[in-house]
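>>> A structural model of the following input is requested.
(one chain, ligands or ions: 1)
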Amino acid sequence: MKLFILFTFTAVLLSCGNPSSESTTEGAGAEEKTVTLYTHRHYDVDKEIYAAFEKETGIEVNVVKAGADELIQKMEIEGDQSPADLLLTVDAGRLVRAHEKGLLQPITSDVVSGSIPAYLRAEDDSWVGLTKRARVIVYHPDRVDTSKLSTYEALVDPEWKGRILIRSSGNIYNQSLLASIVAHAGEDAAKTWAEGMVTNFARRPKGNDRDQVKAILAGEGDLAVINTYYLGLLRNATDEQSAKAGNAVKIFFPNQDGRGTHVNISGIGLAKYAPHAEAATRLIEYLASKPVQERFASINYEYPANPEAKISEELESWGSFKEDKLPLTKLGEMNRAAVMTFDVAGWE
Ligand SMILES: [Fe+2]
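Numbers count the residues shown, from 1 in each chain. All right, here's what the predicted structure looks like:
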């Protein structure tokens, strides 16, 4: 497996205009033996899955890793010369953006549409969700009275002043959460919420989701808003501090009496100019299949998008919850409004 890690946009630019040699040597109808995957995912399990796919099909997976924005920009610059067959992101918003820019094409596969429910797919099937992640509240049970927890909206109550930990507004997970509030309640309500959250911050936003949980353990705050899989990763981490932080907190699924907990996806889109659309479709089918979904999702503590796939024991222990079924395209459509709202609210 070839692995190219692009750290900077300079590297992205340098690599432009060099379509893979495979695409020039393969004629139409020839069996495609390679697929190029642009991915923003940064989890160890992925590598293992691609290796298994290679072994099973003989199709080599060329992985190009970078941030989703960089990858989208790269695809735009490369245009119809792009070697990208697939774009894999860690949120729906970026897939919607890529689609709006005309960088994707519909995935034609009954296997895929039969495996992944419609609400986790683009209307024209140009992208599909592969795993789900819920953005939840985690809290220290000795310092938080659970009867006071209810919704994202209730976190702006004076009760929580100086107690909330959450990462910066530049992060797509927060942008999508706020985009969902814009979609449900409008921009004014979203602004009021963002301002109220800022008032209740325990500290200036810094670090990633895992750092917020470690800060609860350190006593810097009492609750945090994080993606579910980070709790699984912390609890099962080999380093003691991470495991200690993960086990010090409990999980709470907000908005259960209303619209449900905000859920985002890690999903995959088929590139408009995919030189190997057939092999790419095979990889999507593979990733959507029950056994691979069980592995793909459970090792990283994500929820499988394929409802046939079983969830891991760790996730089982968190209990079932009601998901916000807002169409995921809304997260992309409302992203700009969310980013502007964060700015106005002073959420760094
Ligand atoms: Fe993540």
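>>> Return the distance of the spatially most central residue of the chain relative to residue 107.
Most central in the chain under C-alpha atoms, centre = their mean is residue 90, positioned 2.7 Å from the mean C-alpha point. Residue 90 sits 19 Å away from residue 107, going by C-beta to C-beta, to the nearest Å. (Glycine included, C-beta is placed from N, CA and C.)
>>> just to revisit the earlier point, so the residue nearest to the centre of the chain touches residue 39, yeah?
No: the criterion here is C-beta atoms under 8 Å, and residue 90 misses it with residue 39 at 9.0 Å.
>>> what's the closest non-adjacent residue to the residue nearest to the centre of the chain?
residue 266 (4.9 Å; C-beta to C-beta, 6 or more residues apart in numbering).
>>> correct me, but that neighbour touches residue 127?
No: applying C-beta under 8 Å as the test, residue 266 and residue 127 come out as separate, 10.9 Å apart.
>>> Between these two, tell me which one has more neighbours.
residue 127 (30 against 26; other C-beta atoms under 10 Å).
>>> which outside residues touch stretch 310-325?
119, 132, 134, 180, 228, 231-232, 235-236, 251, 253, 255-256, 259-263, 294, 297-298, 301, 303-304 (C-beta atoms under 8 Å, 6 or more residues apart in numbering).
>>> give me every residue that touches the residue nearest to the centre of the chain.
40-42, 68, 172, 266.
>>> ok, now residue 220?
Per C-beta under 8 Å, 6+ apart, neighbours of residue 220: 165, 202-203.
>>> What is the nearest of these to residue 337?
Using C-beta to C-beta, residue 165 comes nearest to residue 337 of the contacts of residue 220, at 24.7 Å.
>>> where's the closest one relative to residue 111, distance?
42 Å.
>>> the more surrounded of those two?
residue 165 (25 against 15).
>>> quick one: stretch 263-278 to chain centroid distance?
14 Å (C-alpha atoms, centre = their mean, to the nearest Å).
>>> Same question for stretch 56-69.
Counting by C-alpha atoms, centre = their mean, stretch 56-69 comes out at 17 Å from the chain centroid.
>>> Buried residues of it, list them for me.
If you call a residue buried by 16 or more other C-beta atoms under 10 Å, then stretch 56-69 has these buried ones: 57, 59-68.
>>> Tell me which of the residues you listed fall in helices.
Among the buried residues of stretch 56-69, the members found in helices (DSSP state H) are 57, 68.
>>> farthest pair in the buried residues of stretch 56-69?
Farthest-apart pair in the buried residues of stretch 56-69 is 57 and 67; separation 28.4 Å (C-beta to C-beta).
>>> what about the residue lying closest to residue 99 once chain neighbours are set aside, distance to residue 46?
Closest residue to residue 99 apart from its sequence neighbours, by C-beta to C-beta, 6+ apart: residue 126 at 5.2 Å. Distance, residue 126 to residue 46, by C-beta to C-beta: 21 Å.
>>> Good, wrapping up.
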